[in-house]
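Trainee: sequence first, then the predicted structure:
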Protein chains: 2
Amino acid sequence: MASAVSPLAPKSVPSMPVIAGVRLATAQAGIRYANRTDVLLVLFGEGTAAAGVFTRSKCPSAPVEWCRAHLKAGKARALVVNSGNANAFTGKSGRDATKLTATLAAKAAGCKANEVFLASTGVIGEPLDARKFGPVMSGLAARSASGGFHDAAKAIMTTDTFAKVATASAVIGGTKVTINGIAKGAGMIAPDMATMLSFIFTDAPVSASALQSILKDTVADTFNAVTIDGDTSTSDTLMAFATGTAVMRGAPKITKAGDSRLKGFRKAFHAVLADLSEQVARDGEGARKLVEIEVEGAVSKTSARKIAMSIANSPLVKTAIAGEDANWGRVVMAVGKAGEPANRDKLSIWFGGIRVAHKGARDPSYDEAKVSARMKEPKIFLRVQLGLGRGRDRVLTCDLTKEYVAINGDYRS
Amino acid sequence: MASAVSPLAPKSVPSMPVIAGVRLATAQAGIRYANRTDVLLVLFGEGTAAAGVFTRSKCPSAPVEWCRAHLKAGKARALVVNSGNANAFTGKSGRDATKLTATLAAKAAGCKANEVFLASTGVIGEPLDARKFGPVMSGLAARSASGGFHDAAKAIMTTDTFAKVATASAVIGGTKVTINGIAKGAGMIAPDMATMLSFIFTDAPVSASALQSILKDTVADTFNAVTIDGDTSTSDTLMAFATGTAVMRGAPKITKAGDSRLKGFRKAFHAVLADLSEQVARDGEGARKLVEIEVEGAVSKTSARKIAMSIANSPLVKTAIAGEDANWGRVVMAVGKAGEPANRDKLSIWFGGIRVAHKGARDPSYDEAKVSARMKEPKIFLRVQLGLGRGRDRVLTCDLTKEYVAINGDYRS
């Protein structure tokens, strides 16, 4: 399991401010591995608004179904996240496990079970023995404290090589509010299954419906614009919790996502999600290169996204980048197979800011030595100009290395 | 470039009968590599019908555009195939190269340029110097003979580890007809670009429109049901040529694809395409396992195909198979992400005929040791029962190994 820290890990880790109304604690429940924290309990003050977006998989995990069902009320008092077992494809026992976990947490938190949200990551298809949470839950609640975001990020890791945290602040009606986030990576699968989990916490007094709207808007160009291997987990979960405690410091309550006083908040919220989602790409399994793909001149943003994703998920493009090869032929291939409007004779391609192909042919001025030098850098910019319209988009991915195959090809046992 | 022959290569190679009206010759034109044949000329007798299907890429190669333009007449007198350069993304010079190649071949064959069909495979984005065909073309025509299908298959290889041929016969109106095919593989990319090329030759007297219809029908469950890495070449070409010479031995001319006298021919035609397309999967880059994926109980065949392809193209499923791991959790993931109707609690999964998951949970009777033994075999059967309807489909793929990454991650030079 243990891997060296990704060479793409951020060079520094921010210190995470406390958020009034958010208390965290972690413990070792022994779900799968010994000697590591594997359960996180987060307690929220009364009146905390909740929002969430989840996997698009048609076979979601039991915790995803639990969260979807209980999110309608928009209220949260507790969040329980465990690693080691995803409680996915576990049938009735999976539903029972979510119920038991929520009941145990509700008892410890002094709230209702339907105010508890759940996420699980790890092996799928194995029953989750939720009784293991019993002995640790009341201790977790008792120990919970307003710091500890780094520890929380650590407790939800599976094969991530570094813990992922981000923070930003904004001003709402003259009052400073804070946004903290933690995440675990996607395409991190050994021994079993990829899952992306992320949780955002803020003291901003925004309603559940406003938070849901902002979350949905923001995820499109952050987490949904990141791909590791094109595979989608049964358990992907991104939730946001707003305690509203900034009200006590004078912030106005805001109920509409379109409220102009949220401009700074939206920007800071975006920054936290962009930071976390980039960290996910930087910790893709076996990743040695962070790849930013920009597609311009498409007929629409949607079309640009599809083309960018076709490039980002192409095994041939990803292996070429692993080999530090500015193989624009494979980019043409990936543009061509996307099924979106494209005209070969208007297509131009840049690697690391150097144009290698122009209007349907090799760029005559293209200097292979210069491009080769750029390809040795840890971050690769790949830009495609389609020359058709004004649609543009940007996605992040990583390269496809032998280490990816090794990590995912090792036998489960 | 040189790789050991795939361990999945067929144990025996069929002897290929001659087909009256088809003459073949190969030569070394020195397109990219020295000391290997890299150009194939096939000459057809008068009245030969032609049919073709091509890449769905929006950025097709110059030869693909040439073939599409000239296929309308349905007549062929010559086919020129070269390896070493794909003449793709080469702009105007690419169009000029196709024209020059066809002109040179037409002169040698004594036909019109628009009766010459072309295919190129190899590097993309580099101009193809078609003048190199000049010195060899008349010699090719002079040397052409009715045998030599194995040599033809060899001349069109790029990084294939074995030459691909197949043959079958059928009876039309009491007269035996022959169908021969050659192919080069997909996902065979070093130094640049995957391309699947295949050419089918028959003496059956079927019209161009009937041949086109049969080709289109047959490709759906053969070549279009094979995937190596989900990437699509700019140059994929599958053409069929019917000389009609069996008429001289008493076969009736057939102009309608629906003619019941073509029943046996259709079956044999399907067998040749199925054989060649399976060989392509067996020679996928770095492949160590041939994987057959059967999806049943889907709401339709189209839905079953999409789910089967989602499984077949999943890097997580493919790496698990490379690791000889019956990781059904990843199969659930791939079913879930396909976006097609699926109900987790009705899903069952078999590896090598052993049911490992049943109705939404791990099969209680599942014996890991037995399944592990099956996973060590060179061919892996993966079966998914969705339990929703009667739609079923089957696709072939191969595993994703470190060798795939090595082959495609090596620098182009």
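Mentor: Cool, the structure landed. Numbering: from 1, shown residues only, chains lettered A, B, ... in the order given.
Trainee: got a list of what residue A:168 touches?
Mentor: A:178, A:179, A:268, A:269, A:271, A:272, A:275 (CB atoms under 8 Å, 6 or more residues apart in numbering or on different chains). Yep, even glycine has a C-beta here, placed from its N, CA and C like the rest.
Trainee: my guess is the third one meets residue A:169, correct?
Mentor: Same thing as residue A:268. Yes - counting by CB atoms under 8 Å, residue A:268 does reach residue A:169; the two are 6.2 Å apart.
Trainee: now the common contact residues for the two.
Mentor: Shared contacts of residue A:268 and residue A:169, defined by CB under 8 Å, 6+ apart, comprise residue A:179.
Trainee: who has more neighbours, those two?
Mentor: residue A:268 (22 against 18; other CB atoms under 10 Å in any protein chain shown).
Trainee: let me see the contact set for that one.
Mentor: A:168, A:169, A:170, A:179.
Trainee: now swap in residue A:403 and tell me
Mentor: A:285, A:286, A:288.
Trainee: run the last query once more with 10 Å
Mentor: A:3, A:4, A:285, A:286, A:287, A:288, A:322, B:402, B:405 (CB atoms under 10 Å, 6 or more residues apart in numbering or on different chains).
Trainee: now which of those residues would you call buried?
Mentor: Those of the contacts of residue A:403 that meet the buried threshold are A:285, A:286, A:287, A:288, A:322, B:402, B:405, by 16 or more other CB atoms under 10 Å in any protein chain shown.
Trainee: tell me how far residue A:119 lies from residue A:238.
Mentor: Noted for residue A:119: a distance of 10 Å to residue A:238, by CB to CB, to the nearest Å.
Trainee: ditto for residue A:69
Mentor: 17 Å.
Trainee: looking at the two, which is more packed in?
Mentor: Using other CB under 10 Å, the more surrounded residue of residue A:69 and residue A:238 is residue A:238, with 26 against 11.
Trainee: what bridges to the more buried one?
Mentor: As for beta bridges, residue A:238 partners with residue A:53, residue A:198 under DSSP bridges.
Trainee: before we move on, which element is residue A:381 in?
Mentor: strand A:379-385 (DSSP states H and E).
Trainee: ditto for residue A:229
Mentor: Per DSSP H and E, there is no helix or strand for residue A:229.
Trainee: please name the nearest non-neighbouring residue to it.
Mentor: residue B:315 (4.3 Å; CB to CB, 6 or more residues apart in numbering or on different chains).
Trainee: residues in contact with that neighbour?
Mentor: A:187, A:189, A:228-231, A:285, A:313, A:315, A:318, A:400, A:404-405, A:408, B:229-230, B:330, B:334, B:400.
Trainee: tell me which of the contacts of residue A:268 is nearest to residue A:370?
Mentor: The shortest approach to residue A:370 among those belongs to residue A:168, at 36.5 Å (CB to CB).
Trainee: phi and psi next, for the closest residue to that closest one other than its chain neighbours.
Mentor: Nearest non-adjacent residue to residue A:168, counting by CB to CB, 6+ apart: residue A:268, 4.0 Å away. Torsion angles at residue A:268 (phi, psi; degrees, to the nearest 10) stand at phi -70, psi -40.
Trainee: again with residue A:206
Mentor: Torsion angles, degrees, to the nearest 10, at residue A:206: phi -110, psi 140.
Trainee: could you do residue A:79 as well?
Mentor: phi -130, psi 130.
Trainee: nearest residue to residue A:175 other than its sequence neighbours?
Mentor: residue A:251 is the one closest to residue A:175 (CB to CB, 6+ apart), at 3.8 Å.
Trainee: what about that neighbour, how many neighbours?
Mentor: So residue A:251, with other CB under 10 Å, has 23 neighbours.
Trainee: surely it touches residue A:244?
Mentor: Yes - using CB atoms under 10 Å, residue A:251 is in contact with residue A:244, at 8.3 Å.
Trainee: would you map the strands across the stretch 51-200 of chain A?
Mentor: A:78-85, A:116-123, A:164-172, A:175-184, A:197-202 (DSSP state E, counting those that start in this stretch).
Trainee: which elements pack onto the longest one?
Mentor: Helices and strands in packing contact with strand A:175-184 are listed as strand A:22-27, strand A:78-85, helix A:149-155, strand A:164-172, strand A:197-202, strand A:237-242, helix A:263-282; criterion 3 or more CB pairs under 10 Å, 6 or more residues apart in numbering or on different chains; DSSP states H and E.
Trainee: take those and lay them out in TSV including mean pLDDT and distance to residue A:59.
Mentor: Shown next, in TSV, are the helices and strands packed on strand A:175-184 (pLDDT from 0 to 100; distance: least, CB to CB, whole Å):
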stretch	mean pLDDT	distance to residue A:59
strand A:22-27	97	29
strand A:78-85	95	16
helix A:149-155	95	26
strand A:164-172	98	26
strand A:197-202	96	17
strand A:237-242	96	15
helix A:263-282	95	22
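Trainee: including distance to residue A:383, could the ones you listed go into CSV?
Mentor: Formatted as CSV, the helices and strands packed on strand A:175-184 follow (distance: least, CB to CB, whole Å):
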stretch, distance to residue A:383
strand A:22-27, 40
strand A:78-85, 37
helix A:149-155, 33
strand A:164-172, 26
strand A:197-202, 28
strand A:237-242, 28
helix A:263-282, 17
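Trainee: what about the residue lying closest to residue A:222 once chain neighbours are set aside, distance to residue A:225?
Mentor: Excluding the flanking residues, the one nearest residue A:222 by CB to CB, 6+ apart is residue A:273, at 3.9 Å. Taking CB to CB as the measure, residue A:273 falls 10 Å from residue A:225.
Trainee: which one's more surrounded, the two?
Mentor: residue A:273 (27 against 22).
Trainee: which SSE is the residue nearest to residue A:327 when sequence neighbours are not counted in?
Mentor: Leaving aside its sequence neighbours, residue A:327 sits nearest to residue A:320 (CB to CB, 6+ apart; 3.8 Å). Secondary structure from DSSP H and E places residue A:320 in helix A:315-322.
Trainee: any idea how far that helix is from the chain center?
Mentor: In terms of CA atoms, centre = their mean, to the nearest Å, the gap separating the centre of helix A:315-322 from the centre of its chain is 23 Å.
Trainee: please apply the same query to stretch A:316-326.
Mentor: With CA atoms, centre = their mean, you get 24 Å for stretch A:316-326.
Trainee: got it, and stretch A:250-264?
Mentor: Taking mean C-alpha positions (CA atoms, centre = their mean), stretch A:250-264 and its chain are 25 Å apart.
Trainee: circling back: from residue B:370, how far out is the residue nearest to residue A:229?
Mentor: Distance from residue B:315 to residue B:370, by CB to CB: 27 Å.
Trainee: and residue A:64, by the same measure?
Mentor: 32 Å.
Trainee: more crowded one of those two?
Mentor: residue A:64 (26 against 14).
Trainee: contacting residues for the more buried one?
Mentor: A:52, A:54-55, A:57, A:86-88, A:98, A:118-120, A:233-237.
Trainee: all helices for chain A, in order.
Mentor: A:62-70, A:91-109, A:134-143, A:149-155, A:208-220, A:263-282, A:301-312, A:315-322, A:328-337, A:368-375, A:402-409 (DSSP state H).
Trainee: buried stuff in the longest one?
Mentor: In terms of neighbour count (16+ other CB under 10 Å), helix A:263-282 has its buried residues at A:265, A:268-282.
Trainee: residues touching the residue nearest to residue A:222, list them.
Mentor: Residue A:273 touches A:166, A:168, A:179, A:181, A:183, A:198, A:200, A:214-215, A:218-219, A:221-224, A:238, A:240, counting by CB under 10 Å, 6+ apart.
Trainee: same thing with residue A:390?
Mentor: With CB under 10 Å, 6+ apart, residue A:390 has these contacts: A:296, A:297, A:298, A:299, A:300, A:301, A:304.
Trainee: again, but for residue A:263
Mentor: Residue A:263 neighbours (CB under 10 Å, 6+ apart): A:170, A:171, A:172.
Trainee: let's see it at 6 Å
Mentor: If you count contacts by CB atoms under 6 Å, 6 or more residues apart in numbering or on different chains, residue A:263 has none.
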